[in-house]
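In: What follows is a predicted protein model with its sequence.
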Amino acid sequence: MRPPLLATTLALMSALLPRPADAGILEAVYGQMPDGRDAKIWTLSNASGMEAKVTEYGAILVSLKVPDKEGKLADVTHGYDTLEGWLGNTSYFGATVGRFGNRIAHGKFSLDGKEYSLATNNDPGGIPCALHGGIEGFCKKLWKGEGFVADGACGVRLAYTSPDGEEGYPGELSVEVVYTLTDDNQLVWEATATTDAPTVVNIVHHSYWNLSGDPSKSINDHELTLHAGHYLPTDPGLIPLGEKASVEGTPLDFRKPTAIGARVEGDFEALELAGGYDHAWVLDAAEPGEDGLFPAARLRDPGSGRVLQLSTNQPAIQFYGGNFLDGTAVGKGGVAYQHRTALCLETENWPDAPNNPKAPSAVLRPGETYYHKMVHAFSIE
């Protein structure tokens, strides 16, 4: 039995030492916007040692540290160390994108008999389109954030009001995005929106994942499962043609765990048009789980043992394999992000849904609430 004085001393030392297993939240100023406004950042931690950083600028997930099979924490996302880096972000690393994530053909759509024109800020195959909300979409805005702590979880609520006509979209849109880190190693991302006039909405989370924790390593050895038997073939501008197609017998069949690099260079038109994987898969119709969500994807890095399981309430998932990363973007720790060193798994509505009568409706009207939820559940295998 320890002497009382020694026991008291040890207890005090223990209380003063950092305890990474303690859940909590820390708020700080991340930097200043060009107009002088402060942009805050929140550091979230859970009882398992996971750590997420979220900033008001762009409602961005700045980093996510996840333990590997040895218990070693590493950041599994691409991005930047400073706000200045994020201000120049052209790859949508970690971003909340909207009003309409993904592409709208020729930057045009019709709603209730009126045609709307958007900025065309992307031109794959030399064909212009509106991408991820436009020239200054949601990922370029300073949101208003507030941290919170709940039972077994902590998080950040971020709000932004998009004025009528912003980037060509009709209606004033009130948006809230919530990041929640739970003690069972889930990062939950939720977006809600309401409008005062009919508009189109598809708010998307756009993190780039490399579960190895080494941002210089290819993701081609990651094993991917997509719970989808169909994908959306596209034209050379990466706009869906309208009909979904079976993945059976194609390099786009990820219904069983498959190394991403196994077929990415295959002789297949869809891969040639996109320079690799950059397509929307239509999630299988099935009964949702008890949480009301459908399984979307499972990603595993054999080296680290990290596993990401993704579920959502959305009808599709865009898997982008980092084809356009070319070393131009220099990110965290001065690393130049090379070809296919990260991937995106974006749950969403169909690309170009406003122009496709066969797609689920992307229209939001007054009195309705848009709601998008995705759960990133991490484990070790």
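Out: Cool, the structure landed.
In: Test my guess that residue 251 contacts residue 259.
Out: No - in terms of C-beta atoms under 8 Å, residue 251 does not count as a neighbour of residue 259; the distance is 11.6 Å. Every C-beta, even on glycine, is put in place using the N, C-alpha and C of the backbone.
In: which of these two has more neighbours?
Out: The neighbour count for residue 251 versus residue 259, taken as other C-beta atoms under 10 Å, is higher for residue 251 (18 against 15).
In: Kindly provide the distance from the more buried one to residue 219.
Out: Distance of residue 251 to residue 219, given as C-beta to C-beta, to the nearest Å: 16 Å.
In: What distance do you get for the nearest residue to residue 127 once chain neighbours are set aside to residue 130?
Out: Leaving aside its sequence neighbours, residue 127 sits nearest to residue 237 (C-beta to C-beta, 6 or more residues apart in numbering; 3.1 Å). From residue 237 over to residue 130 the distance is 11 Å, taken as C-beta to C-beta.
In: higher neighbour count, these two?
Out: Counted by other C-beta under 10 Å, residue 237 and residue 130 do not tie: residue 130 has more neighbours, with 28 against 18.
In: Only C-alpha atoms, please: export whichever strand or helix holds residue 298 in PDB.
Out: Using DSSP states H and E, residue 298 maps to strand 294-300. These are the backbone C-alpha positions of strand 294-300, laid out as PDB (Å, rounded to 0.1, in the frame of the first residue of the first chain):
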ATOM      1  CA  PHE A 294     -27.600   2.900 -46.200                       C
ATOM      2  CA  PRO A 295     -24.100   1.300 -46.400                       C
ATOM      3  CA  ALA A 296     -22.100   3.200 -49.100                       C
ATOM      4  CA  ALA A 297     -18.500   2.200 -49.000                       C
ATOM      5  CA  ARG A 298     -15.700   0.400 -47.100                       C
ATOM      6  CA  LEU A 299     -12.100   1.300 -47.500                       C
ATOM      7  CA  ARG A 300      -9.200  -0.600 -46.000                       C
END
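In: Look up which residues are beta-bridged to residue 190.
Out: Beta bridges link residue 190 to residue 178, residue 373, judged by DSSP bridges.
In: Now do the contacts for it.
Out: By C-beta atoms under 8 Å, 6 or more residues apart in numbering, residue 190 lies in contact with 177-178, 180, 371-374.
In: elements contacting whichever helix or strand residue 42 is part of?
Out: Per DSSP H and E, residue 42 falls inside strand 38-45. When contacts are defined as 3 or more C-beta pairs under 8 Å, 6 or more residues apart in numbering; DSSP states H and E, strand 38-45 sits against strand 24-32, strand 51-55, strand 144-150, strand 153-162, strand 173-182.
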